[in-house]
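Q: sequence first, then the predicted structure:
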Amino acid sequence: MYFQRLEDLRIDNDKTQAELADYLGCQREVYRRYEKGTRQIPIDFLIKLAKLYHVSIDYLVGLTDEKKPYK
């Protein structure tokens, strides 16, 4: 599964793949594979990204178009 939203959010927030990889504690190539969907994203990384971007995990993975996290 290709996670276009991960890439879009990263670009919209003027972040590089290297910066996101550093934030998550992984290598840039690993993060690139998350964006391209060739590697599964661990749930703890999804939680960190959702908090960073102030969106729901469902939005990150394409299950909803609603960006706001659930209350």
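A: Sure, I can see it. Numbering: from 1, shown residues only.

Q: so what touches the longest helix seen in the chain?
A: In terms of residue count, the longest helix belonging to the chain (DSSP state H) is helix 43-53. With CB atoms under 8 Å, 6 or more residues apart in numbering as the test, helix 43-53 has contacts from 6, 9, 13, 20, 23-24, 26, 34, 56-57, 59-61, 69. Where C-beta positions appear, they are placed from N, C-alpha and C, glycine not excepted.

Q: now for those residues: which two are most distant?
A: Greatest spatial distance in those: C26 and P69, 23.1 Å, computed using CB to CB.

Q: help me confirm that E35 comes into contact with L6.
A: Yes - assessed by CB atoms under 8 Å, E35 is found in contact with L6 at 4.9 Å.

Q: which one's more surrounded, those two?
A: Per other CB atoms under 10 Å, whichever of E35 and L6 has more neighbours is L6, with 23 against 19.

Q: helix, strand or coil for the more buried one?
A: Following DSSP: H, G, I helix; E, B strand; the rest coil, L6 is assigned to helix.

Q: find me the pLDDT at it, would you?
A: With respect to pLDDT, L6 scores 93.
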